[in-house]
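Chemist: Dropping the sequence and predicted coords here.
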Amino acid sequence: LMTWSNLKEIDPAAIRLPEERKLQSYLLDTAAVAGKVGNKSSAVTKNVTMVRQKLIAEGLRLDSLRAPVVVEELQELKKRFGITSELECFLYRGTESSASVIKVSDQSYLLLISPELFSILDIDELKFVLGHELAHIAFKNFDLKQVDYEGLPSRLILKLMEHSRLAEISADLAGM
């Protein structure tokens, strides 16, 4: 029986929606989709590099001196989710309250958090957001998020969209 009090003890992967896991496996096993996974254009790679450089120049990299509570929580979440990849966390200037993760490579990710989140969320709410974003890394959602829909049959495009929706729900559950 899952209760709020024992939720912290549950493995995040066990909370993941079974339908999402199955759909991800199905899509990755489908030749038309599998052929597009990992095919990052040089423009996308260049864009990610530019984003990182812009964050270093204009953002604020969160480290153990600037944000010890956040960094400690990220380390704990990485351990809990079994994430061994490098994770750099940045505050960035934006007009909306948001957080996101960008995949740089299989072993490197950027976590972006808007300063507004720090002003409107308490630490438990922020932990939920961090858990949600790290769940996307742990569940390997990036392979399907980056698939170019061009040339895919409409049924597969719909399945990719369905997976995206289910992946957000799974990440919410894991963030909880």
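Modeler: Alright, I've got the coordinates. Fair warning: this is a prediction, and the values are worked out from it, not measured in the lab. Residues are numbered from 1 along each chain as shown.

Chemist: so what's Asp143 scoring on pLDDT?
Modeler: What the model reports as pLDDT for Asp143 is 84.

Chemist: Check the one 5 residues further on too.
Modeler: pLDDT, Asp148: 86.

Chemist: I'd say it and Lys36 touch.
Modeler: Yes - with contacts counted by C-beta atoms under 8 Å, Asp148 reaches Lys36, the gap being 5.7 Å. Any C-beta I mention is one placed from the backbone N, CA and C, and that applies to glycine too.

Chemist: So if I had to pick from these two, which one is more boxed in?
Modeler: Here Asp148 and Lys36 are set side by side on neighbour count (other C-beta atoms under 10 Å), and the busier one is Lys36, at 20 against 11.

Chemist: Which secondary structure state is assigned to the closest residue to the more buried one other than its chain neighbours?
Modeler: Excluding the flanking residues, the one nearest Lys36 by C-beta to C-beta, 6 or more residues apart in numbering is Val147, at 4.7 Å. The three-state label given to Val147 by DSSP: H, G, I helix; E, B strand; the rest coil is coil.

Chemist: looking only at pLDDT, what's the mean for the longest helix along the chain?
Modeler: Longest helix of the chain, by residue count under DSSP state H: helix 154-175. Here helix 154-175 scores 95 as its mean pLDDT.

Chemist: Next, the buried residues of it.
Modeler: Within helix 154-175, the residues that count as buried by 16 or more other C-beta atoms under 10 Å are 156, 159-160, 163, 166-167, 170-171, 173-175.

Chemist: just these now: which is nearest Cys89?
Modeler: Nearest to Cys89, judged by C-beta to C-beta, of these is Gly175 at 15.7 Å.

Chemist: Which residues are in contact with Ile15?
Modeler: Neighbouring residues of Ile15 by C-beta atoms under 8 Å, 6 or more residues apart in numbering: 170, 173-174, 176.
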